[in-house]
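S.K.: Build me a model:
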Amino acid sequence: MTQSAPENLLADASEPSTTEAGGCGGHCSCGDNAEVAPELDARQIPPAIRHASIIGALSAVRPGGTMVLIAPHAPVPLLEQLEAAEPGVWTSTIAQSGPEEWRVRLTRSA
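M.R.: Prediction:
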């Protein structure tokens with residue numbers, strides 16, 4: 001059995017509505033704030049599910065959007081997997097290159 005939220009739940013919110021702000025307008029933590037790219041620290045994800053988890057998170061990035069991946073090593077195998085699955089969709093920029101922490105900006109083409 002599922003329960004639905006009260007109809008006025010969002011109407012009573014003190015933040016601007018999503019329709020007025022265009023998405024959330026950066027008023028929450030959903031990642032729709034164009035000024036700040038969300039970060040995913042892959043070092044905290046067990047290796048057995050790491051790539052699947054990262055790819056799942058990337059599926060939420062809108063065209064033109066960016067996510068910063070923090071990895072324990074150069075994410076070459078992941079980048080190759082992304083290119084094979086979605087050719088030409090992602091561009092990557094190394095913001096920090098190791099040795100213990102790699103930061104890669106992944107941007108979805110518009």
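
S.K.: Residue 67 belongs to a helix?
M.R.: No - counting by DSSP: H, G, I helix; E, B strand; the rest coil, residue 67 falls outside a helix, being strand.

S.K.: show me what contacts it?
M.R.: By Cβ atoms under 8 Å, 6 or more residues apart in numbering, the contact set of residue 67 is 31, 37-40, 57-58, 61, 105-106. (Each C-beta comes from the backbone N, C-alpha and C, glycine too.)

S.K.: and if we set it to 7 Å?
M.R.: 37-38, 40, 57-58, 61, 106 (Cβ atoms under 7 Å, 6 or more residues apart in numbering).

S.K.: And residue 79, by the same measure?
M.R.: Residue 79 sits next to residue 92 when contact means Cβ under 7 Å, 6+ apart.

S.K.: Which strand or helix spans it?
M.R.: In this assignment (DSSP states H and E), residue 79 forms part of helix 76-85.

S.K.: List the ones among the contacts of residue 67 that fall in strands.
M.R.: Among the contacts of residue 67, DSSP state E puts 40, 106 in strands.

S.K.: Among the contacts of residue 67, the buried ones, what's the ChimeraX command?
M.R.: Buried subset of the contacts of residue 67, written as a ChimeraX selection, criterion 16 or more other Cβ atoms under 10 Å:
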select :38,40,57,58,61,106
